[in-house]
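Novice: Got a sequence here, can you model it:
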Amino acid sequence: MAGLAVEVNDASFEAEVLQSGQPVLVDFWAAWCGPCRALAPIVDEVAKEYAGKLKVMKMDVDKNQSTPMRYGIRGIPALLIFKDGKVADQIVGFVPKDTIDKSLSKVVG
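Specialist: Numbering: from 1, shown residues only. Okay, here's the model as predicted:
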């Protein structure tokens, strides 16, 4: 699933997401998840549109278990928006891009 979103894992999560100077959108997904695959092009579109204002990361929940567990991820796809190291918003399931834009408008200046 190569795209504009950068892969993040349990080991790099702290540095890449929690210590980021700008808001971060993390897409929790898995290769077997149909709605995750459907959401991927939208996530890439968001990455392109918000370049320079927002970091967009993807985390494979099958390869990384501690971070999804820490944030109570039970259903995927799940999009978590982090600002200043904290969860600012959360979207679960496949949603249209304008739903993501609305959530991002609260954290991206």
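Novice: what ranges do the helices span in the protein?
Specialist: Ranges of helices in the chain, per DSSP state H, are 10-13, 34-49, 66-70, 97-105.
Novice: and the closest residue to residue 29 other than its chain neighbours, what is it in contact with?
Specialist: Take residue 29 and drop its neighbours on the chain: the residue closest to it by C-beta to C-beta, 6 or more residues apart in numbering is residue 36, 3.7 Å away. Any C-beta I mention is one placed from the backbone N, CA and C, and that applies to glycine too. Residues near residue 36 by C-beta atoms under 8 Å, 6 or more residues apart in numbering: 27, 29, 30, 76, 77.
Novice: doesn't residue 29 make contact with the fourth one?
Specialist: Yes: in this structure, residue 76 is within contact of residue 29 by C-beta atoms under 8 Å, at 5.7 Å.
Novice: Mind listing the shared neighbours of the two?
Specialist: 36, 61.
Novice: For residue 48, grab the count of nearby residues.
Specialist: 11 (other C-beta atoms under 10 Å).
Novice: Spit out the contact partners of it.
Specialist: With C-beta under 8 Å, 6+ apart, residue 48 has these contacts: residue 4.
Novice: coming back round to it: what's the distance between the residue nearest to residue 29 and residue 20?
Specialist: As judged by C-beta to C-beta, to the nearest Å, residue 36 and residue 20 stand 23 Å apart.
Novice: re the thing from before, ok, which of the helices of the chain comes nearest residue 58?
Specialist: Closest approach to residue 58 among the helices of the chain is made by helix 34-49 (7.2 Å; C-beta to C-beta).
Novice: pLDDT of the closest one, averaged?
Specialist: The average pLDDT within helix 34-49 is 96.
Novice: list the contacts for the residue most central in space within the chain?
Specialist: Nearest to the mean C-alpha position of the chain, by C-alpha atoms, centre = their mean, lies residue 26 at 1.7 Å. Contacts for residue 26 were tallied using C-beta under 8 Å, 6+ apart; they are 8, 17, 57, 58, 59, 79, 80, 81, 82.
Novice: Before I go, just wanted to say thanks for your time.
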